[in-house]
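K.L.:
With the input below, show me the fold.
(chains A and B)
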Amino acid sequence: MLDFPLWKRISLWGIALVMVLAALPSIVSLTGVRWPESLPDPMVNLGLDLAGGSHILLEADQTQVARQRLDTMEESVRDALRRAEPRIRHGDISTSGGRLSFMLENPGQVDAARDLLEPLTTGAGLTGQRDWTIEVIDGTRFVMTPTRAGLELAVTQAMDSATEVVRKRIDALGTREPTIIRQGDERIVVQVPGLDDPQALKDLLGQTANLEFKLVDTSVLPADAARGVAPPGSQIVPYAQDSAFAGTSIAVRRLGGIRGDSLTNAQQSFDPQTNAAVVNITFNSEGASRFARLTTENVNRQFAIILDGEVLSAPVINEPILGGTAVISGSFNVESANALAISLRSGALPVDLAVVEERTVGPDLGADAIRSGILAMTIGSLLVIALMVAAYGRFGIYATVGLVINVLMILGIMAVMNTTLTLPGIAGFVLTIGSAVDANVLIYERIREERKRGRRVIAAVEAGYREASRAIYDANVTNFIAGVLLFLFGSGPVRGFAVVLIIGLFTSVFTGVTLTRMWVAGWLRRTRPNHLTI
Amino acid sequence: MRLLKLVPDNTNIKFQRWSVPFYVVSILLIIASWALVFTKGLNYGVDFEGGQEIRATFTQSTEAPVAELRDTVSDLGYSEPVIQRFGDANQVSIRVQLPESAEGDKAAADRISDEIIGAISADHPDFRLDGNDTVSGKVSGEFRTTAIYALAAAMVAISIYIWVRFEWQFGVGALFALFHDVSLTMGMFALFQMEFSLQIIAAILAIIGYSLNDTIVIYDRIRENLKKYRRMPLPELLDLSVNETLARTVMTSLTLLVALIPLLLVGPSSLFGLTAAITLGIFVGTYSSVYMGAPILIWLGVTSDSFVPRESAADQQERKARGEA
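P.N.:
Reported below is the predicted structural model:
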């Protein structure tokens, strides 16, 4: 038990040394000194509550994905049936109840229509499952229902590309080290540390940036539009809050417009005549030709520029626009025009994202918290050291040296694992110090007891370590259970607490039991005392 | 050199003599705690209640104008704002519920906080915004469920572990002691209406860990003594075990307290709730290990035979074959 051959001593010291060294960069940079870049730099990240910054949890609207898929399917079906040879006439098309249904005029064309529609329903997944099921009722009515697997896949894909879009937008802001993580099926966590202006970030993420150009349905009377009554094939869209026509709505044709996703560039600029902020957009070749066709076919008609379901403006097409560029005017200021330009460049979000949780910490508070946290930890550690040395003398010194190594090792491991230190994590340190001390107290009290019972020095020390180990082991396992559950169920800062607690359990046993035993053993061997002051 | 001895040698305090009255008091306290939790309710923070919480410091003032702030925020049309001191005297947190329409709508939530912050900083130029949390009802509901799961799962998993390592009576005893600690902590939070947040869940799990540490140390000694003193009556044996580990119990609690109290007094204000809960838990946890965890073993029928390997069926037959009783 007290036998430590040289190789054992070297490896124990080695382990401690490596982990303590790993803590060095973090400690140096906490004091404000820059760590030289040429050296390896495992670093403990500071959580938002310490560094300041923003945490935003975004949640996708699944019903919107479903609705969009339905619209796209409707358009594809219309297209396919129109292009069929011979043409398949159909009517009574409806998308209510989350499914697409329509009737064929000629029941004889059911098989032809089915052959045409089957390819549209094949899933993109590898399982060969279909995204949609096709049923034929009463011989003429087609009902297409989205399958659950298809919808889930669509949501996953939408979230994948939404995450990518979010990343692009945040990168465009030039913030440092953002963390962007998918969470679960429908959420994205965005964390940006040390952000001075969280408002800009929020403006960017809040915009779906779904830009559409749709023809205005001038047959609808303004009174009907105001009441929200639209003829089939048209929809009512409100003007944007800050536009000149805010509060009114116009009717636009539901299909046949252009989506703003076929852009190669978008830039904020100024209208040469009015000097108002506008956004210049450049279509890619496909978008350019579709835009040219739309404007050529509809000269002197009005078309609406719609952003995220609100009309920005509805200009009249004076002449065909063939160059593939367009100017979006609205009631912009420079900032909002710039935000829109970034959003359009990074692409539209495939799905609306709602902010379901948002936490912002000012940088001053974080700095205060670090300062007072370190102060409290220092005072606490000094008191613990004083108490331990007063109670256990030489053994107390071993325990406190172990304690210091323990704290450094936890920091080192956290740095290597690239984990985050949060405010509750500091409390976790205090608790770890407590449980590490407890291991030593258990051992030393046991040694006292064994001495009282008349055991000789070496036997008493051996018995102390052996008998106390059982309780230390059980206590650590149960604490480990609590820590893991805390980590699994906890979120954000609370996880930081769990991380310190879990790492601390392992290092506490290492420093509090193994290292002190090695030191005690070395001392006993050197001096062979026949009396113990403990 | 004479070393500090907090507990004299060979103490022989008759802890178990008072176990019944202490038990009665503790059970009454548990009932009172839950009664408080259900009648007075917990002061849920934004984590569990949802809504918006603004934290701020009035840098030039010694004390935050809480009453005035309540008027300012109420005048803006947000009924029942929760405004409380938070850490230092010049720090406050202001909590308002989001109207139904603003759920998940960031722009609306931002408008609310801009409005409140604008109104206050107009009156107080030394207003410094420290943090701003918005949690939607959906997310706060999830936090609540996961918190309950985490606590329940931790208590059950730990009890099962103790059952496996010791005997079932010890598992039940530990579970009861933990239930006592969690109940009293919650009761305290209900009584003083301190903000109950995710951090407090972390604190409660830490208390569970600590209290268990204590319970295990005593249980371990009980197990050892049960094997050593086969003929000692159980109450006496429990007292012996508690007394033998008393020096350790006091020393450990004291070291934890001297580490925690600076954190409580000069530490970051946002950690106050967490540290206060853990500090409280150290007292409650130490008490429950001695008075809740130990005596229940008597009533659950732990005997000196509990850790003697049971007779196998084969042994039993052999013994009968030899004609012994």
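
K.L.:
so who does residue A:226 touch?
P.N.:
Under the criterion of C-beta atoms under 8 Å, 6 or more residues apart in numbering or on different chains, the contact list for residue A:226 reads A:248, A:249. Heads up, the C-betas are built off the backbone N, CA and C, glycines and all.

K.L.:
if I look at it, how far off is chain B?
P.N.:
Distance from residue A:226 to chain B, counting by C-beta to the nearest C-beta, to the nearest Å: 22 Å.

K.L.:
before we move on, what SS does that residue have?
P.N.:
Following DSSP: H, G, I helix; E, B strand; the rest coil, residue A:226 is assigned to helix.

K.L.:
Residue A:530 now?
P.N.:
Assigned by three-state DSSP, the conformation of residue A:530 is coil.

K.L.:
wait, it sits on residue A:457?
P.N.:
Yes: contact between residue A:530 and residue A:457 holds when scored by C-beta atoms under 8 Å: they sit 6.1 Å apart.

K.L.:
Who has more neighbours out of the two?
P.N.:
residue A:457 (17 against 8; other C-beta atoms under 10 Å in any protein chain shown).

K.L.:
ok, that one to chain B distance?
P.N.:
Distance from residue A:457 to chain B, counting by C-beta to the nearest C-beta: 16 Å.

K.L.:
Got the phi and psi for that residue?
P.N.:
Phi and psi for residue A:457, reported as degrees, to the nearest 10, are phi -50, psi -60.

K.L.:
residues touching it, list them.
P.N.:
By C-beta under 8 Å, 6+ apart, the residues touching residue A:457 are A:451, A:524, A:529, A:530, A:531, A:532.

K.L.:
so where's the stretch 201-325 of chain B uncertain?
P.N.:
Flagging of the stretch 201-325 of chain B using pLDDT under 70 yields the residue ranges B:308-315, B:319, B:323-325.

K.L.:
picking that back up, is it possible to export the contacts of residue A:457 to TSV including pLDDT and distance to residue A:93?
P.N.:
As requested, those are exported to TSV (pLDDT from 0 to 100; distance: C-beta to C-beta, whole Å):
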residue	pLDDT	distance to residue A:93
A:451	90	93
A:524	91	91
A:529	86	96
A:530	83	100
A:531	83	99
A:532	82	93
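
K.L.:
Now the two most distant members of those.
P.N.:
A:451 and A:524 (13.5 Å; C-beta to C-beta).

K.L.:
The two - which one has more neighbours?
P.N.:
Neighbours were counted for residue A:451 and for residue A:524 using other C-beta under 10 Å; residue A:451 has more, 19 against 16.

K.L.:
ok, and the closest non-adjacent residue to the more buried one?
P.N.:
Nearest residue to residue A:451, sequence neighbours excluded (C-beta to C-beta, 6 or more residues apart in numbering or on different chains): residue A:460, at 4.8 Å.

K.L.:
where's the one you found relative to residue B:162, distance?
P.N.:
Per C-beta to C-beta, to the nearest Å, residue A:460 is found 29 Å from residue B:162.

K.L.:
So for those two, which sits in the more crowded spot?
P.N.:
Just comparing residue A:460 and residue B:162: by other C-beta under 10 Å the higher neighbour count belongs to residue B:162, 25 against 21.

K.L.:
Surely that one is in contact with residue B:220?
P.N.:
No: assessed by C-beta under 8 Å, residue B:162 is found out of contact with residue B:220, at 10.5 Å.

K.L.:
Touching both of the two, which residues are there?
P.N.:
Common neighbours of residue B:162 and residue B:220 (criterion: C-beta under 8 Å, 6+ apart): residue A:474.

K.L.:
Identify the single longest helix in chain B, thanks.
P.N.:
Secondary structure of chain B per DSSP state H: the longest helix is helix B:198-228.

K.L.:
now the following helix or strand past it and helix B:198-228, what's the angle there?
P.N.:
Next helix or strand after helix B:198-228 toward the C-terminus (DSSP states H and E): helix B:234-244. For helix B:234-244 against helix B:198-228, the angle by axes from the mean of the first three to the mean of the last three C-alpha atoms, to 10 degrees is 120 degrees.

K.L.:
If we go by neighbour counts, what in whatever helix or strand comes next after helix B:234-244 is buried?
P.N.:
Next helix or strand after helix B:234-244 toward the C-terminus (DSSP H and E): helix B:246-266. Buried positions in helix B:246-266, judged by neighbour count with 16 or more other C-beta atoms under 10 Å in any protein chain shown: B:246-249, B:251-264.

K.L.:
In this structure residue A:468 contacts residue A:438, no?
P.N.:
No: counting by C-beta under 8 Å, residue A:468 sits too far from residue A:438 to count as a contact (10.0 Å).

K.L.:
Between those two, which has more neighbouring residues?
P.N.:
residue A:438 (27 against 24).

K.L.:
Please identify the helix or strand for the more buried one.
P.N.:
Assigned by DSSP H and E, residue A:438 falls within helix A:423-452.

K.L.:
Could you point out the helix or strand that follows that helix?
P.N.:
Heading C-terminal from helix A:423-452, the first helix or strand you meet, by DSSP H and E, is helix A:457-489.

K.L.:
Tell me what angle that next one forms with helix A:423-452.
P.N.:
Using the same axes, to 10 degrees: helix A:457-489 against helix A:423-452 is 160 degrees.

K.L.:
quick one: contacts of the helix or strand following helix A:457-489?
P.N.:
Counting by DSSP H and E, the next helix or strand C-terminal to helix A:457-489 is helix A:493-508. Applying C-beta under 8 Å, 6+ apart, the set of residues contacting helix A:493-508 from outside is A:19, A:47, A:49, A:406, A:409-410, A:413-414, A:419-425, A:427-429, A:431-432, A:435-436, A:439, A:476, A:479-480, A:482-484, A:486-487, A:490, B:198-199, B:201-202, B:206, B:209.

K.L.:
Would it be right to say that residue A:304 lies in a helix?
P.N.:
No: judged by three-state DSSP, residue A:304 forms no part of a helix; its state is strand.
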